[in-house]
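*Asks:* any chance you could fold what I've pasted below:
(chains A and B, ligands or ions: 2)
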Amino acid sequence: MPRLSYRRALTRALADEMTRDESVVVLGEDIRVAAANVTTGLLKRFGPDRVRDTPLSEQAFTSFATGAALAGARPVVEFQIPSLLFLVFEQIVNHAHKFPLMTGGQCAVPVTYLVPGSGSRTGWAGQHSDHPYALFAHVGVTTVVPATPADAYGLLVSAIRCDDPVVVFAPAGALDLRADVSDLTPVPLGRGVVRRPGDDVTVVAVGHLVHDALAVADELADQASVEVFDPRTLYPFDWDGLVESVGRTGRLVVVDDGNRSCGIAGEIVATVVERVRLAAPPRRVTRPDGAVLPFAPALDRAVQPGRDQLAAAIQLTLKDG
Amino acid sequence: MTDSDPVRLYRTVRLIRRFEERAIELVDAGEIVGGIHPYLGQEGVAAGVCAALAADDLVTGTHRGHGHVLAKGADPARMLAELCGRVTGLNRGRGGSMHAADFGVGVLGANAIVGAAGAILTGAVWERRRRGGDIVGATFFGDGAVNEGMLLEAFNLAALWRVPVLFVCENNGWATTMPVAGAVAGTVAGRAAAFGMPAAAVDGQDPEAVREVTAAAVARMRAGGGPELIEAHTYRFDAHHTFEHRVRLDYRPPQEVAAGRSRDPVDIQGARLPPAVRAEVDAAVEAVLAAAVDFALAGPHPDPATALDHLYASGLTARTGGG
Ligand SMILES: Cc1ncc(C[n+]2csc(CCOP(=O)(O)OP(=O)(O)O)c2C)c(N)n1
Ligand SMILES: [Mg+2]
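*Replies:* Numbers count the residues shown, from 1 in each chain, chains lettered A, B, ... in the order given. Ligands and ions are numbered 1, 2, ... in the order given. Okay, here's the model as predicted:
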């Protein structure tokens, strides 16, 4: 079976969709030389009209993509830093997302915003280490956080084909993964997957944390049977899939690399308790409230959800109730 | 230009003028909620610019956007129905005054965020051009927008990539209560020059002058030229927004208002027509608007159960907010 890296999976998704559909174009900073090692080879194959290096004008090129989409394109916009999404939040939320409703259905805005390297990159400190996926779930923009190379491919393909704006967070913590991938296929948006079946507790893990959750589940294997649920898409969330899992296990722990207040973990806990009578209080492991990732590696790690915290939360949940 | 052009231009400014006056009546009558930003006094700009565009050229408007939408060819009846929030409106009652859009006539929307539309239009024109054809675009914005970074970024992008967009600054001297002198360092034309864009100033109260300067720019753009800027000097005759009809804000000297109002684009263009022709156009416009008001008020109100229709083009449905 061929080994595929997460980054090459993204590259393959872009190349396949650009081959399949002339309307797909890619915009971003330093993409012609693939500075983020994602758009590798695309300029040569598809030319500068479809692989456009932009000036450092995030607000303009984000709305440029909106306009191009209104005229029939399917742009993919690559961002070098997750916090650049703060800079273009207005352009995505107030324009791209709102146009279909505000125009009474006269248009679609099929733009994909791709962030290769979201979350901590270790050593890049405060302004390069955010993981703001919950913001987009909050405003109702389709948001995906692929955990594996196969999902990176399949979700990016589905994002590009989607008629609405989609933000694709490719966590820095997953970018260097490689996996045996037999066949590359689109992964439907809004569909989660059970990564590891279990009976005693459901752990919902987002993005790269799926791999931490699997490791913790292995560590605890002699104490408990842990099910790991990877939502893959945070908005729209696969509530039915999760409720099915928690309905069986009766216990819920969420591990989420976002800040605690109004984070996706809070929404997951709230929705599950609305629908499932749990055997024990649910728990969540997140970044702290208002987290700013400090520079020194030990401090950076201290602010991110860790395996020890997750193991402790699982054990508490199993003891309670 | 054909003989009927002056008549057509007059018809457009007169239509916008009377549309706005009828709309203000409907605001006062409570039929238009939220009020409007009247375009009164600035009609010559939208009319002149759009008269020089082709049917499939694209435009974006502003919060003060009724004139842009009407001048590009939207149906006044459906426009008025939109302002009244009816399902028969251009946007099925989902957009209202500040978001009125008619993609069928190339209006990619009025836009309520100052300075935001320029980059959107630049992308749209770029994509249309990539697909072949020689369309151009015109994006309207006020003097307040020239201090918005996103608009200046759009100037750069359009100029850099030679996207044929006409940036039309409607300089009416004020951004709400802020005079240009209190807000704009340098000049509007100077901003164009900084990006290597040709800029022309024009008397925005003279619809023919606006049409001529636009036609020249459009011809250069169709022939392969890059973006250009027009600064149309104009004057807003009425309030920033109809809320000022109730709350008087003291910022424009009465002499300034009187001087501004003395140069009325409807009269300037009307004087170019034989009185009988002008009277005929006036009567026709009255009839169109009478029918538009009837159409607007007869339209059904949207069903609250459909409040989130069209939120997603992909067919996704949102969870509702109830318990
Ligand atoms: C980005 C942004 N800032 C502030 C506002 C609130 N606002 C609406 S219109 C306006 C004044 C705009 O002035 P100008 O661009 O000159 O247009 P005019 O109203 O004179 O037509 C302001 C401040 C807004 N809608 N968008
Ligand atoms: Mg102004």
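
*Asks:* quick one: the strands in the stretch 51-200 of chain B, in order.
*Replies:* All strands of the stretch 51-200 of chain B, identified by DSSP state E, counting those that start in this stretch, fall at B:58-60, B:137-142, B:165-171, B:174-175, B:178-179, B:199-203.

*Asks:* which segments of chain A make up each domain?
*Replies:* Following automatic domain parsing, one finds the domains of chain A at A:3-180, A:193-319.

*Asks:* ok, is the longest one in contact with ligand 1 or not?
*Replies:* What that stands for is domain A:3-180. No: applying CB under 6 Å from any ligand atom, one finds domain A:3-180 out of contact with ligand 1, separated by at least 8.3 Å. Backbone N, C-alpha and C define where each C-beta goes, glycine included.

*Asks:* mean confidence for that domain?
*Replies:* On average, the pLDDT along domain A:3-180 is 97.

*Asks:* count the residues that sit near B:Thr60.
*Replies:* 30 (other CB atoms under 10 Å in any protein chain shown).

*Asks:* what's the nearest residue in chain B when you look at ligand 2?
*Replies:* B:Gly142 (3.6 Å; CB to the ion).

*Asks:* who touches residue 106 in this structure?
*Replies:* No chain was given, so I picked chain A. A:100, B:91, B:101-103 (CB atoms under 8 Å, 6 or more residues apart in numbering or on different chains).

*Asks:* sorry, I should have been clearer: chain B.
*Replies:* Contacts of B:Gly106 (CB under 8 Å, 6+ apart): B:53, B:55-59, B:72-73.

*Asks:* please determine how far it is located from A:Ala65.
*Replies:* 20 Å (CB to CB, to the nearest Å).

*Asks:* and the residue of the stretch 51-200 of chain A found nearest chain B, how far from ligand 2?
*Replies:* Closest approach between the stretch 51-200 of chain A and chain B, counting by CB to the nearest CB: A:Gly67, at 2.8 Å. Counting by CB to the ion, to the nearest Å, the gap from A:Gly67 to ligand 2 is 23 Å.

*Asks:* with just CA atoms, put the host helix or strand of that residue into CSV.
*Replies:* Per DSSP states H and E: A:Gly67 is located in helix A:58-70. What follows is helix A:58-70, C-alpha atoms only, in CSV (Å, rounded to 0.1, in the frame of the first residue of the first chain):
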residue,chain,number,x,y,z
GLU,A,58,-5.5,39.0,3.1
GLN,A,59,-8.7,41.1,3.3
ALA,A,60,-8.7,41.9,-0.4
PHE,A,61,-7.8,38.4,-1.7
THR,A,62,-10.4,36.8,0.6
SER,A,63,-13.1,39.0,-0.8
PHE,A,64,-11.6,38.7,-4.3
ALA,A,65,-12.3,34.9,-3.9
THR,A,66,-15.9,35.7,-2.8
GLY,A,67,-16.4,37.7,-6.0
ALA,A,68,-14.8,35.1,-8.2
ALA,A,69,-17.1,32.5,-6.6
LEU,A,70,-20.1,34.7,-7.3
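
*Asks:* next SSE downstream of it?
*Replies:* In N-to-C order, the element after helix A:58-70 by DSSP H and E is strand A:74-78.

*Asks:* parallel or antiparallel, list what pairs with that next one.
*Replies:* Sheet pairing of strand A:74-78 (DSSP bridges) gives strand A:24-28 (parallel), strand A:112-118 (parallel).

*Asks:* what does the last one rub up against?
*Replies:* Contacts of strand A:112-118 with the rest of the structure, by CB under 8 Å, 6+ apart, involve A:7, A:10, A:28, A:36-38, A:62, A:74-82, A:85, A:88, A:92, A:130-131, A:133, A:145, A:156, A:159-160, A:162, A:165-172, A:175, A:207.

*Asks:* burial count for B:Ala305?
*Replies:* 7.

*Asks:* and it, that one's in a helix?
*Replies:* Yes: B:Ala305: assigned to a helix according to DSSP: H, G, I helix; E, B strand; the rest coil.

*Asks:* measure it to B:Thr320 for me?
*Replies:* From B:Ala305 to B:Thr320 the distance is 10 Å (CB to CB).

*Asks:* ok so, going back, most widely separated two among the contacts of A:Gln106?
*Replies:* A:Pro100 and B:Asp102 (15.0 Å; CB to CB).

*Asks:* which residues touch stretch A:7-23?
*Replies:* By CB under 8 Å, 6+ apart, stretch A:7-23 touches A:4, A:24-26, A:37-42, A:45-46, A:50, A:72-74, A:76, A:114, A:116, A:149-150, A:152-154, A:156-157, A:160-161, A:170, A:175-176, A:181, A:184.

*Asks:* pretty sure B:Val136 sits against B:Arg220.
*Replies:* No: with contact defined as CB atoms under 8 Å, B:Val136 does not reach B:Arg220; the gap is 9.7 Å.

*Asks:* ok, those two, which is more surrounded?
*Replies:* Neighbour tally, B:Val136 and B:Arg220, criterion other CB under 10 Å: the higher count belongs to B:Val136, 27 against 15.

*Asks:* check contacts around the more buried one.
*Replies:* Per CB under 8 Å, 6+ apart, neighbours of B:Val136: B:53, B:57-58, B:125, B:164-166, B:218, B:221-222.

*Asks:* how about those residues in TSV, adding distance to ligand 2?
*Replies:* Formatted as TSV, the contacts of B:Val136 follow (distance: CB to the ion, whole Å):
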residue	distance to ligand 2
B:Leu53	22
B:Asp57	24
B:Leu58	23
B:Val125	24
B:Pro164	25
B:Val165	20
B:Leu166	18
B:Val218	24
B:Met221	25
B:Arg222	29
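
*Asks:* which of those residues sits closest to B:Thr234?
*Replies:* For the contacts of B:Val136, the nearest to B:Thr234 is B:Leu166 (16.0 Å; CB to CB).

*Asks:* now do the contacts for that closest one.
*Replies:* B:49, B:136-139, B:214, B:217-218, B:221, B:227-230.

*Asks:* write a ChimeraX command that selects only the buried members of the residues you listed.
*Replies:* Here is the ChimeraX command that selects only those of these that count as buried (16 or more other CB atoms under 10 Å in any protein chain shown):
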select /B:49,136,137,138,139,214,217,218,221,227,228,229,230
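
*Asks:* helix/strand/coil for A:Val228?
*Replies:* Taking three-state DSSP, the label given to A:Val228 is strand.

*Asks:* got a list of what it touches?
*Replies:* Contact analysis of A:Val228 by CB under 8 Å, 6+ apart lists A:194-196, A:198, A:202-203, A:205, A:210, A:213-214, A:217.

*Asks:* got the residues of the stretch 51-200 of chain A near ligand 2?
*Replies:* Within the stretch 51-200 of chain A, no position is adjacent to ligand 2 by CB under 5 Å from the ion.

*Asks:* for chain B, that is, sorry about that
*Replies:* So chain B meets ligand 2 at B:142-143, B:172, B:175 (CB under 5 Å from the ion).

*Asks:* helices or strands up against the host helix or strand of B:Ala209?
*Replies:* Using DSSP H and E, B:Ala209 maps to helix B:207-222. Judged by 3 or more CB pairs under 8 Å, 6 or more residues apart in numbering or on different chains; DSSP states H and E, helix B:207-222 is in contact with helix B:5-28, helix B:43-51, strand B:165-171, strand B:199-203, strand B:228-233, helix B:265-270.

*Asks:* in the fourth one, what's buried?
*Replies:* Going back to what we said before, that points to strand B:199-203. Quick answer for strand B:199-203 (16+ other CB under 10 Å): B:199, B:201-203.

*Asks:* what is the nearest of those to chain A?
*Replies:* B:Ala199 (19.1 Å).

*Asks:* identify the residues contacting that closest one.
*Replies:* With CB under 8 Å, 6+ apart, B:Ala199 has these contacts: B:188-189, B:192-193, B:228-231.
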